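Chemist: Just a sequence and a predicted model for now, questions to come.
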Amino acid sequence: MFGNWFKKKTEIKDMPLFANQAERNEVVNAVVFHSEESDIAYRDGKKWKGSRHADKYSWMRKQYDARLPRRSFTRCPFCNHAYVQKIDPYGYDGGWWYSKGDPNRTVCEHYRLIRCATNLHGNLRDAPVGGDRNFGPAVPYVIPRLLQLPNMVCVVTAMTLEAGYTFYPLVYFSQDPIAEDSLTANWAGKSYGFEVRNEFWDFELSPWVQSGQLRWCSTTSDHNTILEDANPDQFPYLDLPGHRGVQTAVRSKFWQTAALGESVTHYSGD
């Protein structure tokens, strides 16, 4: 028993990254199948069958996580260190798009938090496993409240993904220590500790670019990033077309709603 478990753990560690959409889809489809079959079996009182599918689901989900590529999302404006983490570039039906996390990401000492925007360009999918997908708006934005913190700078990158999306990491850095309770939720979330923080999204980026508080990275063909020192007038993400509000997908449903006009915080128990 323990020998098989150790063998599986070793196999996961040594598995190659997904080489293409087909390889990744095969694993995601297996994750979905075993999750659904496990739920059905447990509802029917067939615990042995449910347990078997649950084990296979766990194994395939670990394989999925292990085989995702790691890419450079951005670079620090103070030390030029690359922010590198896993991503599922093949579509939001994959579980990565629920949490977008990576416990082994590479960040520098100046990193403070990461937000995101996502233009799906109409490439919608069914995401039956893993909860809500929150994409942020379709175009880049900043949170003015955060840029009022000492020496805070946001860096935006446009990552072109194999799924046909444009994914915009919006990463905040500062040379100064920043109190944790002054920050906000990562990615497109709003739950922060015991609070719900609905932040104001400012899409009028030109003033922030001119002030030097909004920088940008370009990307290379091998998924590296280059911090640009070009003239602010060359900033490439002004006035982009796309929804300037919340975008969410749950299973086969997708909807867009308006963004808030101001930052509002309240306790999650309210």
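Modeler: That came through, no problem.
Chemist: Sketch out the low-pLDDT regions of the stretch 151-270 of the chain for me.
Modeler: For the stretch 151-270 of the chain, residues meeting the criterion pLDDT under 70 lie at 261-270.
Chemist: Next, work out how far apart G45 and R52 are.
Modeler: With distances taken as CB to CB, to the nearest Å, G45 is found 14 Å from R52. All C-beta spots, glycine's among them, are computed from the backbone N, C-alpha and C.
Chemist: neighbour-wise, which of those two wins?
Modeler: R52 (15 against 8; other CB atoms under 10 Å).
Chemist: what helix or strand does that one sit in?
Modeler: helix 47-67 (DSSP states H and E).
Chemist: Tell me which other helices or strands that helix touches.
Modeler: On a contact count with 3 or more CB pairs under 8 Å, 6 or more residues apart in numbering; DSSP states H and E, helix 47-67 meets helix 2-14, helix 21-43.
Chemist: Name the residues of the helix or strand just after that helix that are buried.
Modeler: Going down the chain from helix 47-67, the next helix or strand is strand 70-75, by DSSP H and E. Applying a neighbour-count criterion of 16 or more other CB atoms under 10 Å, one finds 71-75 buried in strand 70-75.
Chemist: Columns distance to C154 and pLDDT on top of those, output as CSV?
Modeler: CSV is the format used below for those (distance: CB to CB, whole Å; pLDDT from 0 to 100):
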residue, distance to C154, pLDDT
R71, 19, 98
S72, 17, 98
F73, 13, 98
T74, 10, 98
R75, 13, 98
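Chemist: can you give me the helices in this protein?
Modeler: Using DSSP state H, the helices of the chain run over 2-14, 21-43, 47-67, 96-99, 144-147, 206-211.
Chemist: one step back: just give me the closest of the buried residues of strand 70-75 to A188.
Modeler: Nearest to A188 among these is F73, at 14.8 Å by CB to CB.
Chemist: Would you mind confirming that that closest one makes contact with V84?
Modeler: Yes: in this structure, F73 is within contact of V84 by CB atoms under 8 Å, at 7.0 Å.
Chemist: Now do the shared contacts for these two.
Modeler: Residues touching both F73 and V84 by CB atoms under 8 Å, 6 or more residues apart in numbering: none at all.
Chemist: picking up where we left off before, which of the helices and strands packed on helix 47-67 comes out lowest on mean pLDDT?
Modeler: Lowest mean pLDDT within these: helix 2-14, at a mean of 59.
Chemist: Spatially nearest residue to W96 (excluding sequence neighbours)?
Modeler: Counting by CB to CB, 6 or more residues apart in numbering, W96 lies nearest to D88, which is 3.8 Å off, once chain neighbours are set aside.
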